[in-house]
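**Q** starting from these lines, generate the structure:
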Amino acid sequence: VQLQASGGGLVQAGGSLTLACATSGFAFDAVTIGWFRQAPGKEREGVSCISLSDGSATYADSVKGRFTISSVKTKRTVYLQMNSLKPEDTAVYFCVAPCTGHEQLWGQGTQVTVSS
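**A** Numbering: from 1, shown residues only. Coordinates of the predicted model:
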C-alpha cells in the first residue's frame, strides 16, 4: 500500500499549482483520500478530502473557492488543484488515506512555497 505525492514547488502569490497523489495497493474506489498540510511552527491542517466511492468532497474554510480536489480512477491518482495561492498556503502537503481514523496511511510530503 503506497501513496506518493508530487507537484509541489515555488510559485508567486496568485499563482497555481496542481498536486498529485499516486496510489497503489488498495481498492481505489473504496476509500477516502485527503490532503493535509503542515507549515513550520503550525499545527497540521486538513485541507481537503474526497470520497472515491461517490466523488463528494470537503474543504477547509481557508481554501474553499481556491482549491479543488479530484480523482482519476484509471490513473489511481488524486489531484489537488490550487489556485490563487497565498503566502499562507506555504507548507508541506501530504496525501493521506483514509481522511480520518486511527489507521491512516501517509505519503511523503511535497513542499509548496508561495512567495509574496
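
**Q** the residue sitting nearest the centre point of the chain: which element?
**A** For the chain, Trp35 is the residue whose C-alpha lies nearest the centre (C-alpha atoms, centre = their mean; 2.9 Å). Counting by DSSP states H and E, the element that carries Trp35 is strand 32-38.

**Q** ok, back up a step: surely the residue nearest to the centre of the chain meets Tyr79?
**A** No - Trp35 lies out of contact with Tyr79 (C-beta atoms under 8 Å); the separation is 9.5 Å. Heads up, the C-betas are built off the backbone N, CA and C, glycines and all.

**Q** what is in contact with these two at once?
**A** Common contacts of Trp35 and Tyr79 (C-beta atoms under 8 Å, 6 or more residues apart in numbering): Leu19, Cys21, Ile69.

**Q** what's the closest of those to Ala97?
**A** Using C-beta to C-beta, Cys21 comes nearest to Ala97 of the shared contacts of Trp35 and Tyr79, at 8.5 Å.

**Q** could I have the helix or strand encompassing that closest one exported to CSV, CA atoms only?
**A** Assigned by DSSP H and E, Cys21 belongs to strand 17-24. Below are the C-alpha coordinates for strand 17-24, written out as CSV (Å, rounded to 0.1, in the frame of the first residue of the first chain):
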residue,chain,number,x,y,z
LEU,A,17,-0.1,24.5,-8.7
THR,A,18,-1.5,21.0,-9.0
LEU,A,19,-0.5,18.3,-6.6
ALA,A,20,-0.9,14.6,-7.4
CYS,A,21,-1.2,11.7,-5.1
ALA,A,22,-0.5,8.4,-6.9
THR,A,23,-1.8,5.3,-5.1
SER,A,24,-1.3,1.6,-5.2
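
**Q** and stretch 63-80, how far from the chain's centre?
**A** With C-alpha atoms, centre = their mean, to the nearest Å as the basis, stretch 63-80 stands 8 Å off its chain's centre.

**Q** which residues touch that stretch?
**A** Counting by C-beta under 8 Å, 6+ apart, stretch 63-80 makes contact with 18-24, 28-29, 33, 35, 47-50, 52, 55, 57, 59, 81-85, 89, 93, 95, all of which sit outside it.
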